[in-house]
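K.L.:
can you look at this prediction? I've put the sequence above it.
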Amino acid sequence: MTYSKGPWIYDAESGEIHTKDRAGFWGPDHEPVVVATVEQLDGVDNGPLLAAAPDLLDALKTTLKNIMSLGPSGSLDGIPVPYQVWADVVSSAISKAEGRQ
């Protein structure tokens, strides 16, 4: 699965999420490339969350890498938790983001 690379920028006025094109420009003639259009429903605006998706995916991948380097356990509020529990949660979120779930 491929997806538009970040950064994604949300324009609340138009409701559009933009990204750079493959050449690193903001679209033809340096105009933004529209990734998605977001509508506000009942005053809820998910645009900023959606625009953060590439950054969140990168953060999850980095977190998974760091979790796997911890060894047999990490901790949650001082209670030891096997690292595999953390790895499973993060791996599941990555799979969902990449369309494998």
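P.N.:
Right, received. Where do you want to start? Residues are numbered from 1 along each chain as shown.

K.L.:
any weak-confidence spans in this structure?
P.N.:
Low-confidence segments of the chain (pLDDT under 70): 1, 21-28, 30, 70-81, 83, 99, 101.

K.L.:
ok, now how distant is residue 38 from residue 8?
P.N.:
To residue 8, residue 38 is 11 Å away according to CB to CB, to the nearest Å. Glycine gets a C-beta too; all of them are placed from N, C-alpha and C.

K.L.:
and the residue nearest the centre of the chain?
P.N.:
Central residue of the chain (CA atoms, centre = their mean): residue 53, 2.7 Å from the mean position.

K.L.:
you'd agree that one is up against residue 98?
P.N.:
No: Residue 53 lies out of contact with residue 98 (CB atoms under 8 Å); the separation is 11.0 Å.

K.L.:
next, show the common contact partners of residue 38 and residue 8.
P.N.:
Counting by CB atoms under 8 Å, 6 or more residues apart in numbering, the contacts common to residue 38 and residue 8 are 17, 50.
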